[in-house]
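**Q** okay, here's the prediction I keep looking at, along with the sequence it came from:
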Amino acid sequence: MSITNNTADITTHLITTTSARHAKLVITTPTQSTDTAARIYEFEVYTGAAPPAPTVVPVFDRIPQFGIYVSTEPNYTPPAGVLMWNRGTEYAKKLTAEEQGKLGTDVALRLTYHAQCDNYDRFGSIFYISMPKGEVPTAATPRVTLQDFITPFSDYWQGTMATRVYPDAPMAAYAGALSDPNRDIYVGISGGSNPYAQDACSNRPVDAAFKAVGFTYSLALVSTPSAVSGDRVVTSAPVAIRDQVEHLHDPVHGEHGRDRQGHARGEHRGLRRRVGR
């Protein structure tokens with residue numbers, strides 16, 4: 001099988017059933033740019049039925065990250081159902097009962113970074129808050145960190161490098177909590193940016209609203225099987241080859257005891273994946 005001009009981070013290809021001891025992946029062109037390194041996070045071969053299509057539960061779509069050193073609230077109204085805290089550097093959204101029901105034991109986080117004015121690397125964090133039914137959290141409500149990450153060096157004018165899709169981060173340890181029908185679950189993202197005087201938007205024809213945003217995030221929960229809260233059974237196995245390729249710059253994932261706003265990590269930490277080399 002030969003695949004050309006691929007730009008996807010995860011691809012699945014059906015192959016003719018055959019007997020073999022090994023499967024080999026040969027890279028002919030590592031990237032769509034001048035980068036000479038191909039970064040393969042997973043290469044899998046399955047036997048059995050074709051893989052089910054993953055369920056994607058969108059949480060945020062290009063949610064803006066405002067300046068961490070700004071002392072006033074931004075001139076921005078978040079989408080319906082989205083809570084905004086700490087001057088536009090933290091957001092949280094409640095999962096609906098239908099969305100919770102779509103989450104299986106293989107639930108994972110899918111984060112996308114969209115560059116704008118702040119071209120430096122910044123710390124970010126994805127979290128969830130579990131609340132009694134009908135209660136709404138605040139910025140001070142205890143939360144559980146699911147994933148820490150660092151943004152790449154980029155800006156709006158970097159072409160394909162202006163968008164980075166991080167490798168899906170497995171959250172199987174939190175599948176039951178995220179889909180608990182007896183609790184209201186809020187999924188959030190925090191970090192903020194730092195647009196500055198001579199950043200990438202300087203001397204460019206952009207308005208004040210655009211310049212006030214360092215970058216934006218899109219976040220989704222990705223899951224294959226649907227299941228209820230509690231013990232679950234995962235069925236396997238596709239006849240396919242799946243490879244996950246990272247096309248963009250890989251920053252180094254740091255380890256932190258507390259996040260930028262000083263919130264303590266929960267006792268049960270999420271599965272942290274190293275997002276860099």
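**A** Now that the structure is in, tell me what you want to look at. As the structure is a prediction and not an experimental result, all values here were calculated from the model. Residues are numbered from 1 along each chain as shown.
**Q** how about the helices of this structure, start to end?
**A** 97-101, 175-178, 208-211 (DSSP state H).
**Q** select, out of those helices, the one closest to Gly88.
**A** Closest approach to Gly88 among the helices of the chain (CB to CB): helix 208-211, 11.7 Å. (Glycine included, C-beta is placed from N, CA and C.)
**Q** so which residues make contact with that closest one?
**A** Outside helix 208-211, the residues that touch it by CB atoms under 8 Å, 6 or more residues apart in numbering are Asn75, Tyr76, Gln116, Cys117, Pro195, Cys201.
**Q** could you give me the buried positions within it?
**A** Lys211 (16 or more other CB atoms under 10 Å).
**Q** what about it, average pLDDT?
**A** Regarding helix 208-211, the rounded mean pLDDT is 95.
**Q** starting at the chain centroid, how far to that helix?
**A** 24 Å (CA atoms, centre = their mean, to the nearest Å).
**Q** try stretch 64-74
**A** Using CA atoms, centre = their mean, the offset of stretch 64-74 from its chain centre is 22 Å.
**Q** follow-up on the earlier one: may I see the helices of the chain arranged in JSON lines, with distance to Thr55 as well?
**A** Formatted as JSON lines, those follow (distance: least, CB to CB, whole Å):
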{"stretch": "helix 97-101", "distance to Thr55": "9"}
{"stretch": "helix 175-178", "distance to Thr55": "13"}
{"stretch": "helix 208-211", "distance to Thr55": "33"}
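**Q** need the nearest residue in space to the residue most central in space within the chain, chain neighbours excluded.
**A** Taking CA atoms, centre = their mean, the centroid of the chain lies closest to Leu111, which sits 1.7 Å from it. Take Leu111 and drop its neighbours on the chain: the residue closest to it by CB to CB, 6 or more residues apart in numbering is Tyr166, 4.5 Å away.
**Q** can you check Asp148 too?
**A** That would be Ser125: by CB to CB, 6+ apart, it lies 5.2 Å from Asp148.
**Q** do I have it right that that neighbour meets Val187?
**A** No. Between Ser125 and Val187 there is no contact under CB atoms under 8 Å: 11.8 Å.
**Q** ranges for the strands of the stretch 1-150 of the chain?
**A** Along the stretch 1-150 of the chain, counting by DSSP state E, counting those that start in this stretch, strands occupy 10-13, 39-46, 55-66, 82-85, 90-94, 108-115, 123-132, 144-150.
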